[in-house]
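# A predicted structure for the sequence below; I have some questions about it.
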Protein chains: 2
Amino acid sequence: MVNSQLDQSFLAYSHPIRRTIVERLADAGSLTVGEATRDCGVSKPAISRHLKVLEEAGTIVRVIDGRTHRLALRRDGLADAQEWLDRHRRLWERKFGVVEEFLNEQRSRPARGEDAQ
Amino acid sequence: MVNSQLDQSFLAYSHPIRRTIVERLADAGSLTVGEATRDCGVSKPAISRHLKVLEEAGTIVRVIDGRTHRLALRRDGLADAQEWLDRHRRLWERKFGVVEEFLNEQRSRPARGEDAQ
């Protein structure tokens, strides 16, 4: 049942600052750390921790050129989480009609307490 | 920058037990709490906390019929996270050629220390 890669990927996307970094990299291709994290409103140590979470999840890669650190998304950086969601959403949408009917039926039934009156 | 709905959705999928529950519901349509959480190997209070995270994220819905609690995925339960990943993965894939070229170029350059020798 354990799948730590997916755990890390989803955890990486669960914070708005980390999603902002991913959004900027998806839009720009490659950015310096300063560009990718501009105006995030948190301290440098906090930024470092967010970048570490994204690197450990395999979402981003960092290229160090002297004092310049450049970031980019990894080729398959978003793939595992997106494919998991896509697969289960498609499975689910095929079943939705049946489940909706069941839920409506349950909701329209009188509650057990009312049966007894 | 804050988007607490997406925060909650991604956090919900970051644990293997919560993903197992979602997988079973996507596959079966609707299940009792017992069916959806069978063999997860954790205590009932832990199961309750996992279900609460999924309910608060808007991923699942619970219908209570007397003593039976049935669960189902919400119609758009997986949509927000999946659409965010899909959008940024597509943006990114359009740019990947350019970024790959940049990264290869950076990697093939001698490091700054070597320049000085």
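Noted; the coordinates are in hand.
# Now for the closest residue to residue A:37 other than its chain neighbours: which residues touch it?
The shortest distance from residue A:37 to any non-neighbouring residue, by C-beta to C-beta, 6 or more residues apart in numbering or on different chains, is to residue A:47 (4.9 Å). C-beta coordinates here come from the backbone N, C-alpha and C atoms, glycine included. Neighbour list for residue A:47: A:17, A:33, A:37, A:40 [criterion: C-beta atoms under 8 Å, 6 or more residues apart in numbering or on different chains].
# quick one: average confidence on the particular helix or strand that has residue A:93 in it?
Assigned by DSSP states H and E, residue A:93 falls within helix A:79-108. Average pLDDT, helix A:79-108: 79.
# Can you classify the residue nearest to residue A:37 as helix, strand or coil?
Local secondary structure at residue A:47 is given as helix here, using DSSP: H, G, I helix; E, B strand; the rest coil.
# do you know how far it is from chain B?
Separation of residue A:47 from chain B (C-beta to the nearest C-beta, to the nearest Å): 13 Å.
# again with residue A:73
Counting by C-beta to the nearest C-beta, the gap from residue A:73 to chain B is 5 Å.
# so that residue touches residue A:28, yeah?
No. Applying C-beta atoms under 8 Å, one finds residue A:73 not in contact with residue A:28, separated by 10.1 Å.
# List the single closest residue to residue A:76 in space, sequence neighbours excluded.
Residue A:76's closest residue in space is residue A:58 (C-beta to C-beta, 6+ apart), at 7.8 Å.
# ok, back up a step: so among the contacts of residue A:47, which ones count as buried?
The neighbour-count criterion (16 or more other C-beta atoms under 10 Å in any protein chain shown) marks A:17, A:33, A:37, A:40 among the contacts of residue A:47 as buried.
# give the contact list for the closest residue to the second one other than its chain neighbours.
Closest residue to residue A:33 in three dimensions, ignoring its sequence neighbours and counting by C-beta to C-beta, 6+ apart: residue A:69, at 4.6 Å. Contacts of residue A:69 were listed using C-beta under 8 Å, 6+ apart, and they are A:32-33, A:62-63.
# ok, of those, which one's closest to chain B?
Checking the contacts of residue A:69 against chain B with C-beta to the nearest C-beta, the nearest one is residue A:63 at 4.7 Å.
# hmm, the helix or strand containing the closest one touching chain B?
According to DSSP H and E, residue A:63 maps onto strand A:60-65. Yes. Counting by C-beta under 8 Å from any C-beta of the partner chain, chain B has neighbours in strand A:60-65: A:61, A:63, A:65.
# can you pull the pLDDT of the spatially most central residue of chain A?
By C-alpha atoms, centre = their mean, chain A has its centre lying nearest to residue A:13, at 3.3 Å. Residue A:13 is assigned 96 on the pLDDT scale.
# sorry, back to before: neighbours of the residue nearest to residue A:76, just the number please.
17 (other C-beta atoms under 10 Å in any protein chain shown).
# can you tell me which residues contact it?
Residue A:58 is in contact with A:5, A:8-9, A:74, A:76-77, counting by C-beta under 8 Å, 6+ apart.
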